[in-house]
Structures are given as C-alpha cells and as structure tokens.
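# whatever this is, show me its structure:
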Amino acid sequence: RLAAEHQSRVRTYFGRTVRQVEAGDHGVVVTLDDDSPLIGDILLVALGTIPAAPAPWTGGVDVDAHLRTDVPYHYAAGGVAMHHDALGAWRIDHWEDAAAQGAHAARVALHDLGLDAAPDPYLPRSPYLALVYGHAVAGVGSTVGAVSRLEEGDEFIVRHERSGTVIGVTGIDAVGTVSQWGPQLHQAAARHSGAQSRPPFLKNTP
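Numbering: from 1, shown residues only. Take a look at the predicted model:
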C-alpha cells in the first residue's frame, strides 16, 4: 500500500550521489553522479544518524537481556544498545523505546546494588507512529527476525511472530488496534482468528 502511495507522488533515484547543487533560472538544479540533472523549487536535505557510544565502545554497545554491558555496573539503553537476547541481535532507534530501556536499566542497576528486586528481561513493547501521505502507520514491539502475517479483516494489520509468539504488530490506519497489542506481546502464540484483527484479550469487545 505504501509503495503504491509513494510511487504516485515521489520519484526516487536510489544508489545515486549528488555531484553538484546550484541555483538556476527555474529553480534548484541538482546534478547526480551519472550527470542526470534534476530541477526543483525547494531542496530539502535529510541526513540520518549513527549511534555514538563513549569509550571503550565504538558504534554500539552490546547488552544482554537485562541491558548490562560486559563491564560490571555499566548499562546501555536506546539507539546505541545492541541487544543480544531471546529475540536474537536487534536494535531500535526511537525515543519511546529509548525511554523504556532507560527506565528498565535503572531498575536493573538498583537490583545489582541490592536495593530492589530483579526485573524481568527487557522486551520491546513501545509504540511508534508516522504519518505518511495522510495515512497513520503504527507499530508496536519489534519485527526483527520475525515471520510477518497479514491479518484478514477491515483494518490493515500485520502480526510479526517468532516461534509462534507475536513480538510486534504494525498497521496502516489502525492505531488503536495496534497500540492495544503492546501488553500482549512476547506471550503465548495468538489464538485469535485472522478475521478478528485485534488482540486476544479484546476479541469479545464490541
């Protein structure tokens, strides 16, 4: 769906780099590395980010299921944390999940200092939302290494499963249903039928 929306509105030039940018009589002229000229009214430059960790780590910090690093009493959370746990190797670069990881790491630190009970392993349940071409694209949890299954029903919902357990849910224009999956992630395999398109604990809710 998103690919169709994208193709009807935007022209892409993947694998190209910008060789030159200059102001022309009819707008901004961008010349690509294959000498293709592009003319536009506005030039918007969007740059991504790379996780930067303090020494002695570089790039990312490996953590276990409790966000502990290989250095005693050192923890990592957020986009810089490279998780190695029951979900495999994964990383999420989003402020909602970073905040949840930070709170969890604090509880683990309190436990390691003998000041609190041991928390369960960290598992991603944070929600995400983006507006794309007027559509609300929502997600919760993780999709890393998962098998994706499109639900049947009125809403566009995709369940992401590992070994029969739902670890993430994404959807288009289905924010409410997606967000309600959060507490149910990483539990027993979903038993609801595809036509329900809602979490098991809500399947009888009108």
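
# residue contacts, the spatially most central residue of the chain?
The centroid of the chain falls nearest to I92 when counting by Cα atoms, centre = their mean (5.4 Å). Applying Cβ atoms under 8 Å, 6 or more residues apart in numbering to I92 gives the contacts G79, A98, P124, S126, S142. For every residue, glycine as well, the C-beta is placed using N, CA and C.

# I'd like those as JSON lines, with distance to S8, pLDDT and secondary structure appended.
Converted to JSON lines, these look like this (distance: Cβ to Cβ, whole Å; pLDDT from 0 to 100; DSSP: H, G, I helix; E, B strand; the rest coil):
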{"residue": "G79", "distance to S8": "32", "pLDDT": "92", "secondary structure": "helix"}
{"residue": "A98", "distance to S8": "34", "pLDDT": "95", "secondary structure": "helix"}
{"residue": "P124", "distance to S8": "33", "pLDDT": "96", "secondary structure": "coil"}
{"residue": "S126", "distance to S8": "31", "pLDDT": "95", "secondary structure": "coil"}
{"residue": "S142", "distance to S8": "30", "pLDDT": "93", "secondary structure": "coil"}
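
# adding neighbour count and distance to G182, write these out as JSON lines.
Output for those, formatted as JSON lines (neighbours: other Cβ atoms under 10 Å; distance: Cβ to Cβ, whole Å):
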{"residue": "G79", "neighbour count": "20", "distance to G182": "20"}
{"residue": "A98", "neighbour count": "17", "distance to G182": "16"}
{"residue": "P124", "neighbour count": "23", "distance to G182": "10"}
{"residue": "S126", "neighbour count": "18", "distance to G182": "8"}
{"residue": "S142", "neighbour count": "24", "distance to G182": "12"}
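
# out of those residues, who's nearest V175?
Comparing those against V175 with Cβ to Cβ places S126 closest, at 14.1 Å.

# surely the closest one touches D93?
No - counting by Cβ atoms under 8 Å, S126 does not reach D93; the two are 11.6 Å apart.

# for the closest residue to L131 other than its chain neighbours, which three-state class applies?
Closest residue in space to L131, ignoring its immediate chain neighbours: V137 at 7.5 Å, by Cβ to Cβ, 6 or more residues apart in numbering. Classification of V137 by DSSP: H, G, I helix; E, B strand; the rest coil places it in strand.

# contact partners for R149?
Contacts of R149 (Cβ under 8 Å, 6+ apart): V158, R159, H160, E161, G194.

# and the residues you listed, which of them are buried?
Using 16 or more other Cβ atoms under 10 Å as the burial test, these include V158, R159, H160, E161 as buried.

# in the sheet, who's paired with the second one?
Partner residues in beta bridges with R159, using DSSP bridges, are R149, V169.

# what about it, distance to S148?
The gap separating R159 from S148 is 7 Å, by Cβ to Cβ, to the nearest Å.

# so where's this structure uncertain?
Residue ranges of the chain with pLDDT under 70: 188-206.

# please repeat the previous calculation with a cut-off of 80.
Low-confidence segments of the chain (pLDDT under 80): 49, 59, 188-206.
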